[in-house]
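> here is my input; please provide its structure:
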Amino acid sequence: MNLMRRALLGTLWAMLGWRPASAKESGPDSGEETIQAEASSVTPRHVLCFLGKDRDLGHLSDAASQAIRDFASGFSIDEDYSQAEPDDRMSRSFDVCWDRVEPEAWGSADEKAVADHQSVLYILGPSMAQAETVTVSMLALRLVERLIGAGAVAVKGESAGIAHGLDRWRELIRQGAEAQKAADRLAEQRIGRLAFAKRPLSGRGYLESVGFHLVGLPDVYVPDAAGSERQIVAIMDAVADEIAERGLEPTLSARRASLSFNSTYEVDEFKFNPYGIVRLGG
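Take a look at the predicted model:
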């Protein structure tokens, strides 16, 4: 299925509050070995959505084209789904995608900007090998910076269904620039995860992350009985940091966790994590 079509369908599924009927559930007959084998050929990609304030896409598309020439090699404008007119699904889509973890991650001005938008620009990132994910995600963050500067009024990462207000995007951009200046790879990975991944999502007995593959990490599923949503988000983030710092196997052992490839998303869906899912025990 076309990448942008999958992205848009994923947004619609989120808006409607359900997952695809073909999504897989954990179980002994789920064919996990087959899924793992298929996962090895999957490479993640960023899909970015930018909203403009007028019906002339020129400012945003020109800025994007220049950024691609300057530093964002491999990114491209999606000509099929970008449009110089408003999309009446955007208010509802952003409503389900706003980051609800970071305090004041968006405000009334951001909601109004989405409601009043007049154009939509989609940008596709390159397919990323695991070793390239952090570097490319930092480029994606720089691309967000460039387009905000060119007049984008709202930004959403479609690959995990995450949106931040412009002030929050600017703060993430600042943190990313500082991490790059310090050549702090772990900080870059964490900032990329906070920028482009979504958490927590409700699953069957778990709260889940989605999008950690965009920085080369497995997603983390925590039993919903482990605490409040904020406590569980803190666990998710701690586990992701531990994997980045110590490695996967030591983290699985210390956390008494397991690695699964039995995802709620199909292998050809953009939210599928080819690096698996770390499932913590109850």
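
> neighbours around the closest residue to residue 263 other than its chain neighbours, how many?
Using Cβ to Cβ, 6 or more residues apart in numbering and skipping residues adjacent in sequence, the residue nearest residue 263 is residue 272, 5.6 Å away. (Glycine included, C-beta is placed from N, CA and C.) Neighbourhood size, residue 272 [other Cβ atoms under 10 Å]: 21.

> ok, residue 272 - contacts?
Residues counted as contacts of residue 272 (Cβ atoms under 8 Å, 6 or more residues apart in numbering) are 39, 42, 213, 263, 265, 266.

> how close does it get to residue 228?
The spacing between residue 272 and residue 228, counted by Cβ to Cβ, to the nearest Å, is 28 Å.

> kindly state the beta-bridge partners for residue 120.
Beta-bridge pairing for residue 120 (DSSP bridges): residue 51, residue 83.

> for the residue nearest to residue 263, helix, strand, or coil?
Judged by DSSP: H, G, I helix; E, B strand; the rest coil, the three-state class of residue 272 is coil.

> show me where the protein has its strands.
47-52, 76-77, 119-124, 154-157, 162-164, 198-202, 206-210, 219-223, 258-260, 277-279 (DSSP state E).

> domains of this protein?
Following the assignment in automatic domain parsing, the chain carries domains at 32-43+198-279, 47-191.

> make JSON lines out of those domains and add mean pLDDT.
Below are the domains of the chain laid out as JSON lines (pLDDT from 0 to 100):
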{"stretch": "domain 32-43+198-279", "mean pLDDT": "93"}
{"stretch": "domain 47-191", "mean pLDDT": "97"}
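
> chain neighbours aside, what residue packs nearest to residue 60?
Ranked by Cβ to Cβ, 6+ apart and with sequence neighbours excluded, the top spatial neighbour of residue 60 is residue 121, at 4.7 Å.

> what's the spacing between that neighbour and residue 210?
According to Cβ to Cβ, residue 121 and residue 210 sit 23 Å apart.

> in contact with residue 164, which residues are there?
Residues counted as contacts of residue 164 (Cβ under 8 Å, 6+ apart) are 98, 99, 102, 105, 106, 155, 172, 195.
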